[in-house]
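A.B. asks: predicted model and sequence below, questions to follow.
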Amino acid sequence: MSVAAEPCASGVEYLQWVPGKRHFRCEKLSATMSTGDCSARHTAAIAGDERVSACRFCPIGAVHAGKVDPLQAASASAKVKITGHPDQDTRCTRCGRSDLRLIHAGGDICVSCWNRQREWRIGRNSKGTAPKTFRALRSRRAGIVVDGEPCYREVAETQNDAEVLARCIRELPDGLAFHDEVPGVTAWNEQAQRFEYRDRNDPAKVMLELRHEGLIHYVPAKADSLRPGEVVAVPFMPTSRMSVHAAAAWLDMDEDGDGAAVTPEWRPQAIVCSACGVAQVQARTFAGRVECRCPSCGSSSTGTLPRLSSRVLSTAVAAHRPGDRADHNY
Ligand SMILES: [Zn+2]
Ligand SMILES: [Zn+2]
């Protein structure tokens with residue numbers, strides 16, 4: 001492909017240092033790289049290579065890989081305007097319903113969710129039998145940006161992946177943004193018989209989890225220098241970020257109900273809007289299909305915004321197939 005015919009992402013400044021190659025500044029990775037390297041990273045990320053997972057949903061990478069019409073990507077990469085609050089504080093953070101009274105005990109859950117939780121705790125429902133369908137509560141984590149740096153927040157006693165996002169939005173001050181990065185490269189440790197994170201720059205180093213005020217930071221450490229009590233980080237599912245279009249296609253296929261249920265009423269899902277990065281994508285069923293929207297930037301799967309090409313959509317959806325969503329998040 002000649003240089004002149006190569007796709008250009010909107011808002012990106014290209015540098016011609018080497019004949020036949022174009023370089024640009026990638027803000028996400030804080031690096032200068034060639035469009036060829038960018039394209040290769042994006043393609044590998046779509047194929048599931050965890051070492052480059054940060055590039056999976058990058059609209060600039062998609063342009064360089066020739067996956068989308070540059071005009072469409074221009075819209076996707078544009079800084080979107082936040083026009084609405086990501087939260088509606090009358091909603092249950094667990095099921096997303098907004099028509100029931102909220103009980104403020106360990107989160108904002110509705111009376112229905114609170115009753116189910118209570119029955120589970122005492123091991124007996126209104127019929128006097130043990131609840132069978134209740135999904136046990138456990139802590140989950142979300143990728144959030146604090147002071148411009150990606151870190152992770154652990155939220156105790158959540159039941160689904162939507163709840164951890166809802167709790168972060170409700171419990172943290174305005175200006176919260178989510179990211180979908182993982183803290184390192186996943187590697188198999190034969191001796192310990194487990195998967196663990198390794199440092200991207202030095203795979204001989206493991207990653208340690210440091211907890212401070214509810215936030216989790218990761219620091220690399222030599223595997224043979226661990227002290228008693230130090231915890232080696234093991235893999236977990238990163239926060240899911242998608243466009244409203246990809247989310248609608250994905251939720252249409254999602255039958256395991258890992259997040260909040262999709263009902264005829266709009267409910268926040270276990271997906272962060274990739275256009276703005278600050279809100280949960282909301283979904284509903286309408287005329288037999290799933291529709292998605294973002295309460296903060298106004299993106300809508302039924303709006304007039306350019307749709308992603310079906311090829312990009314199918315790869316984005318394939319990357320989130322239920323089989324890939326093993327429950328690593330502990
Ligand atoms: Zn509820
Ligand atoms: Zn949005």
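C.D. replies: Now that the structure is in, tell me what you want to look at. Ligands and ions are numbered 1, 2, ... in the order given.
A.B. asks: got the phi and psi for R118?
C.D. replies: phi -70, psi -40 (degrees, to the nearest 10).
A.B. asks: S225 too?
C.D. replies: Dihedral angles for S225 - degrees, to the nearest 10 - are phi -110, psi 10.
A.B. asks: burial count for it?
C.D. replies: 9 (other Cβ atoms under 10 Å). Where you see a C-beta, it was placed from the backbone N, CA and C, and this is true even at glycine.
A.B. asks: same question for T186.
C.D. replies: 15.
A.B. asks: check the one 10 residues further on too.
C.D. replies: If you count neighbours by other Cβ under 10 Å, E196 ends up with 18.
A.B. asks: and S139, by the same measure?
C.D. replies: 12.
A.B. asks: not counting sequence-adjacent ones, nearest residue to it?
C.D. replies: Using Cβ to Cβ, 6 or more residues apart in numbering and skipping the chain neighbours, the partner closest in space to S139 is A156 (4.7 Å).
A.B. asks: who's in contact with the residue nearest to the spatial centre of the chain?
C.D. replies: For the chain, S240 is the residue whose C-alpha lies nearest the centre (Cα atoms, centre = their mean; 2.1 Å). S240 sits next to D161, D180, A270, I271, V272, H320 when contact means Cβ atoms under 8 Å, 6 or more residues apart in numbering.
A.B. asks: which one of these is nearest ligand 2?
C.D. replies: V272 (8.3 Å; Cβ to the ion).
A.B. asks: hey, what's the closest one bridged with?
C.D. replies: In this entry, V272 is beta-bridged to R241, Q280, by DSSP bridges.
A.B. asks: circling back to that earlier point, so for the helix or strand hosting the residue nearest to S139, mean pLDDT?
C.D. replies: In the assignment (DSSP states H and E), A156 maps to strand 149-158. Strand 149-158 shows a mean pLDDT of 90.
A.B. asks: mind showing which ranges of this structure have poor pLDDT?
C.D. replies: 1-6, 10-11, 17-18, 67-79, 106-107, 173-174, 254-260, 304-330 (pLDDT under 70).
A.B. asks: domains of it?
C.D. replies: 14-77, 102-176+239-322, 183-225 (automatic domain parsing).
A.B. asks: perfect, I'm done here.
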